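*Asks:* Quick one, fold the following:
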Amino acid sequence: FSCGDDKTVKLWAVEGVMSKEEKWNQEPVRVFTGTGAFLDVDAHWLDPLFATAGTNAVEIWDETRSEPISQLKWGSQSVTRTRFNPVEKDVLIICGS
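*Replies:* Numbers count the residues shown, from 1 in each chain. Next up is the predicted model:
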């Protein structure tokens, strides 16, 4: 996954380590468009889910849908980092300012 201030999250296909002779496919597998800039993205450890942190909110996305399945807001606070807990898989860690 990658994200940016262009309001998109991109899902990339990366299979193994490629040799110098191999060309990396520079097209994303899927592009998700949000309503605000994204500052961070993290994939769930088991499920086809990912979380984004941004200027508007924290959003939980399903890889098979084009819009977030859940949105968390804290007023005007900007969230800069988000991570799924590797031990407790249903816990999402959020850091903001």
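
*Asks:* Point to the residue nearest the middle of this structure.
*Replies:* Val41 (3.1 Å; C-alpha atoms, centre = their mean).

*Asks:* Direction included, what does the strand or helix carrying Ile60 pair up with?
*Replies:* Element membership for Ile60 (DSSP states H and E) is strand 58-62. Its sheet considered, strand 58-62 pairs with strand 49-54 (antiparallel), strand 70-72 (antiparallel) by DSSP bridges.

*Asks:* can you redo the ones you listed as JSON lines with mean neighbour count, distance to Pro28 and mean pLDDT?
*Replies:* Glycine gets a C-beta too; all of them are placed from N, C-alpha and C. Listed next are the strands paired with strand 58-62 as JSON lines, based on neighbours: other C-beta atoms under 10 Å; distance: least, C-beta to C-beta, whole Å; pLDDT from 0 to 100:
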{"stretch": "strand 49-54", "mean neighbour count": "23", "distance to Pro28": "13", "mean pLDDT": "94"}
{"stretch": "strand 70-72", "mean neighbour count": "14", "distance to Pro28": "23", "mean pLDDT": "91"}
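
*Asks:* Tell me which of the ones you listed lies nearest to Glu63.
*Replies:* Closest to Glu63 of those, according to C-beta to C-beta: strand 49-54, at 6.9 Å.

*Asks:* Adding distance to Val87, write the strands paired with strand 58-62 out as a markdown table.
*Replies:* Listed next are the strands paired with strand 58-62 as a markdown table, based on distance: least, C-beta to C-beta, whole Å:
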| stretch | distance to Val87 |
| --- | --- |
| strand 49-54 | 16 |
| strand 70-72 | 21 |
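
*Asks:* Tell me which of the ones you listed lies nearest to Ser97.
*Replies:* Short answer: strand 49-54, nearest of the strands paired with strand 58-62 by C-beta to C-beta, at 10.9 Å.
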